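# sequence first, then the predicted structure:
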Amino acid sequence: MINMTFSAEVAAARASGQAIVALESTIITHGMPYPQNVEVAAQVEDDIRAAGAVPATMAVIDGVLHIGLEADQLQALGQAKNVAKISRADMPACIATGGTGATTVAATMIAARLAGISVFATGGIGGVHKGAETSFDISADLMELAQTPVTVVAAGAKAILDIPKTLEVLETQGVPVIAYGQDSIPAFWSATSDLAAPLRMDSAAEIARAHATRQAMELPGGQLIANPIPAGDQIAAEDLAPVLAQAQSEADAQGVAGKAVTPFLLQRIFELTEGRSLTANIALVRNNARLAAEIAKELVNLKQ
Amino acid sequence: MINMTFSAEVAAARASGQAIVALESTIITHGMPYPQNVEVAAQVEDDIRAAGAVPATMAVIDGVLHIGLEADQLQALGQAKNVAKISRADMPACIATGGTGATTVAATMIAARLAGISVFATGGIGGVHKGAETSFDISADLMELAQTPVTVVAAGAKAILDIPKTLEVLETQGVPVIAYGQDSIPAFWSATSDLAAPLRMDSAAEIARAHATRQAMELPGGQLIANPIPAGDQIAAEDLAPVLAQAQSEADAQGVAGKAVTPFLLQRIFELTEGRSLTANIALVRNNARLAAEIAKELVNLKQ
Amino acid sequence: MINMTFSAEVAAARASGQAIVALESTIITHGMPYPQNVEVAAQVEDDIRAAGAVPATMAVIDGVLHIGLEADQLQALGQAKNVAKISRADMPACIATGGTGATTVAATMIAARLAGISVFATGGIGGVHKGAETSFDISADLMELAQTPVTVVAAGAKAILDIPKTLEVLETQGVPVIAYGQDSIPAFWSATSDLAAPLRMDSAAEIARAHATRQAMELPGGQLIANPIPAGDQIAAEDLAPVLAQAQSEADAQGVAGKAVTPFLLQRIFELTEGRSLTANIALVRNNARLAAEIAKELVNLKQ
Ligand SMILES: [Mn+2]
Ligand SMILES: [Mn+2]
Ligand SMILES: [Mn+2]
């Protein structure tokens, strides 16, 4: 086994069989500037505690996989420069070379599995990038959902992606995409979309039973819970569409390509919405954390 | 383990180590109208019995996975309305929520694996849809073949699909595609095509040995046996080509898209061939059932 | 377990816990004419021995999987006609039917895993073929790297492939691509390219630790070590580009398609470079064998 350490809170929760919710750390290192990143991360952790579960923010620090960060570690990670963003491909190398890395959705799922944690809350998953029919640019998050038994609560895939193609890949890979409480797929900043959800569930208990059934059938993958942003916090799809279009056309016009596209788009959307995209992002992550805590508690109940 | 129940016949076969052949149930719920669907399903089951093996038609009924259906259950399923078509992504959810679902190729393979059944007969597998280079619409059946150790006997992929691309994906995923008794890939309603088969085998015993070797090598997936429709029952490739082209161009002209395409095409092909497509479909499923029974018996022999 | 036999040298190395390096055999049967193929294969084996490890050239001969070939077996394989090139899909069928086959990258990885060998040296891996956005022609080598725990030392993907798309698929599948000692991805005959490597390592010990960490994390796949051809042996990228372009445009003009493309291109590149492509190919394989031996020895050290 690799060098893995647990926060005091997570260690206690494991000992007592309490519900635990995994959290990623790229939102801290790559999602917002300091100190807002640490404040939001701490807020999301508190949301999970308030809902009766224990947060486990994942990160690799100096080659050690951390399952849960102490407050000072969170502070340090929030101020660290040039932290790697690690996915399945580079996570073992980061650990083997004593590096420091923030976990993407894929890496957080791997960490959760190693720690025996079944539920993970994030903002939005990666997916099929626009133009993937010629670039082949598809996030490793999708393959991770196909093979790692973690239920991921997200507000759908990030809205700058090609959502119809992302749903097709998830279907091909046998990943359940379950809209929570509605019939359409939520679209990250927008609560609804015109895409029908493959599955719909209306309670955390139902989601937990589906998770447990998947395990009982020895199917290797996880579930994607597509949890709509609260209506009061959303940017409605009709308001967002022209913003997405403008940001994308600027990226095209300026020849932004490859890994530079996503940060460029997110920054322009932030500017064009006058900051509402970030406010909405925080609201949806907190909302996902609360639902994830409920699912994690139901899974504990199921085991009893 | 999940709630799983065996028909009396399958339970007895398991106890005595008799050969068993899995059958799917979407052909019952989505392939033909009642009562023809039940008659054909019963006929195919009898073909397997006549060949010395035991049929195990798979379905999820009220949240219970059925491995083999009793006659009254088959009747009820054949008349049920709005039964879900379940694949890998939605099968656990269907079971967890107490639903009823008919099994696609992927779901039938999963059920077979859970029940320790190694051979499965169907009509045609799903594959890469025409236009998938931009739609990304690829059946989960292909990934299931890559990971679940079941030998699937089919008359190739459904002819309305993009067969060359389907073969490429199967090669990439390491799935053996074995033409039975000929050098070309059969094309569902047509016995032959101008596509060379990657592999050819001429006996059930050879196929059974290849299956057993795959298991012995700890390779996770199955095999696709591409079994040509009997010559007397086929619609020759040159007769079928204009029918496929017309049906496809009508779909394009009428803007039929997404999940509506396959049922539209099948209905138009049925009409344009004056019902011969359905007659051929029944003949090829029965033919596949007989070969599957032979392979299953050879596998029993190998274990002894 | 299947019928598997070890060369005397490999059997002794296994007994004493010595470092072993796997080698493929399609380079023997499909890469060069006799007797050059056997001379090069023997030379590469000697390079591994000189570096302190033991070579295990893989092949299926008359249905038996050989882990290491005796000198007379290598001679016979080098002169055999119509030997199959076997990958994941056809390897079990070849064994089950008593056939003879040379192992591709994918099949060699499978053989290595069965024999408990962790490191494999080859020339270049297969990948995404040019035009794959419409042909879907993608080598099974990429999926093998995603699921089989072998570190593969190659000079990158074969340069006639679409390298950017190959890197995207490897990222999606979670495969580490580690450039050895430089920041750019080597391009087979050329030491460098304008593509940044996802990861870089500068020592065999570091690569071995990353391999071991991957295993400790129970991640199923391997690693691709992209090892640049020695500078003195390379064909510089700027010299190679017009050659690749000319060969490709001739293939297009003559309508060469499907599986005929790769041999056509390699032959034309051989002619257009007046044989330098073959000289470079031999140099890079030997270079990869030496690095693979170092990594294998470091892995032995790690286990102690
Ligand atoms: Mn990408
Ligand atoms: Mn589909
Ligand atoms: Mn290919």
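Structure's in. What do you need? Ligands and ions are numbered 1, 2, ... in the order given.
# and for the residue in chain A positioned nearest to chain C, the neighbour number?
Here chain A gets closest to chain C at one residue, A:Arg88, 3.1 Å apart by CB to the nearest CB. Just so you know, the C-beta spots here come from the backbone N, C-alpha and C atoms, and that holds for glycine as well. Close neighbours of A:Arg88, defined as other CB atoms under 10 Å in any protein chain shown, add up to 28.
# and it, what does it touch?
The contact partners of A:Arg88, by CB atoms under 8 Å, 6 or more residues apart in numbering or on different chains, come to A:106-107, A:110, A:140, A:143-144, C:174, C:219.
# next up, phi/psi of it, please.
Here is the backbone geometry of A:Arg88 (degrees, to the nearest 10): phi -50, psi -40.
# quick one: it from C:Ile138, how far?
Per CB to CB, to the nearest Å, A:Arg88 is found 19 Å from C:Ile138.
# helix or strand: which one has whichever residue of chain A sits closest to chain B?
In chain A, the residue that lies nearest chain B is A:Gly174 (3.2 Å; CB to the nearest CB). If you go by DSSP states H and E, A:Gly174 is not part of any helix or strand.
# how close does it sit to A:Met143?
The separation that A:Gly174 has from A:Met143, given CB to CB, amounts to 11 Å.
# same question for A:Gln246.
Taking CB to CB, one finds A:Gln246 at 32 Å from A:Met143.
# settle it for me: which of the two has more neighbours?
More neighbours surround A:Met143 than the other of A:Gln246 and A:Met143, with 22 against 13 (other CB under 10 Å).
# show me what contacts the closest residue to A:Glu144 other than its chain neighbours?
Nearest residue to A:Glu144 in three dimensions, chain neighbours excluded: A:Ala106, at 3.9 Å (CB to CB, 6 or more residues apart in numbering or on different chains). By CB under 8 Å, 6+ apart, the contact set of A:Ala106 is A:87-88, A:126, A:139-141, A:143-144, C:174.
# just A:Ala236 next, same as before
With contact set as CB under 8 Å, 6+ apart, A:Ala236 has these partners: A:190-191.
# check A:Ala231 too.
A:Ala231 touches A:Ala191, counting by CB under 8 Å, 6+ apart.
# try 10 Å this time
A:191-192 (CB atoms under 10 Å, 6 or more residues apart in numbering or on different chains).
# again, but for A:Ala283
With CB under 10 Å, 6+ apart, A:Ala283 has these contacts: A:155, A:189, A:229-230, A:232-234.
# show me where the stretch 101-250 of chain A has strands.
A:101-103, A:119-121, A:151-154, A:177-180, A:199-201, A:223-226 (DSSP state E, counting those that start in this stretch).
# could you dump those strands into JSON lines with mean neighbour count and distance to chain B added?
Converted to JSON lines, the strands of the stretch 101-250 of chain A look like this (neighbours: other CB atoms under 10 Å in any protein chain shown; distance: least, CB to the nearest CB, whole Å):
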{"stretch": "strand A:101-103", "mean neighbour count": "28", "distance to chain B": "25"}
{"stretch": "strand A:119-121", "mean neighbour count": "31", "distance to chain B": "16"}
{"stretch": "strand A:151-154", "mean neighbour count": "27", "distance to chain B": "11"}
{"stretch": "strand A:177-180", "mean neighbour count": "24", "distance to chain B": "7"}
{"stretch": "strand A:199-201", "mean neighbour count": "20", "distance to chain B": "5"}
{"stretch": "strand A:223-226", "mean neighbour count": "29", "distance to chain B": "8"}
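# okay if I get the ones you listed as a markdown table plus mean pLDDT?
Output for these, formatted as a markdown table (pLDDT from 0 to 100):
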| stretch | mean pLDDT |
| --- | --- |
| strand A:101-103 | 98 |
| strand A:119-121 | 98 |
| strand A:151-154 | 98 |
| strand A:177-180 | 98 |
| strand A:199-201 | 98 |
| strand A:223-226 | 98 |
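# gap between A:Met109 and A:Thr148?
Taking CB to CB, one finds A:Met109 at 5 Å from A:Thr148.
# spit out the residues that contact the two alike.
When contacts are counted by CB under 10 Å, 6+ apart, A:Met109 and A:Thr148 have A:88, A:120, A:221-222 as shared neighbours.
# quick check: the two most widely separated of those residues?
Comparing every pair within the shared contacts of A:Met109 and A:Thr148 by CB to CB identifies A:Arg88 and A:Phe120 as the most remote, at 14.5 Å.
# what lines up beside the longest strand along chain A in the sheet?
As assigned by DSSP state E, the longest strand anywhere in chain A is strand A:54-61. Looking at strand A:54-61 with DSSP bridges, its partner strands are strand A:20-23 (parallel), strand A:64-67 (antiparallel), strand A:101-103 (antiparallel).
# quick check: most distant residue from the centroid of chain A.
Distance from the C-alpha centroid of chain A, by CA atoms, centre = their mean, peaks at A:Ala253 (30.1 Å).
# who are the contact partners of the residue nearest to A:Arg200 when sequence neighbours are not counted?
Sequence neighbours aside, A:Ala179 is the residue nearest to A:Arg200 in space, at 4.9 Å (criterion: CB to CB, 6+ apart). A:Ala179 makes contacts with A:156, A:185-186, A:192-193, A:195-202, A:224-228, as judged by CB under 10 Å, 6+ apart.
# what does A:Thr192 give?
With CB under 10 Å, 6+ apart, A:Thr192 has these contacts: A:179, A:182-186, A:228-229, A:231, A:234, A:236-237.
# which ChimeraX command selects the buried ones in the residues you listed?
A single ChimeraX command selects the buried members of the contacts of A:Thr192 (16 or more other CB atoms under 10 Å in any protein chain shown):
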select /A:179,184,185,186,228,229,234,237
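# what's the closest of the contacts of A:Thr192 to B:Pro263?
Of these, the one sitting nearest to B:Pro263 (CB to CB) turns out to be A:Asp183, at 21.3 Å.
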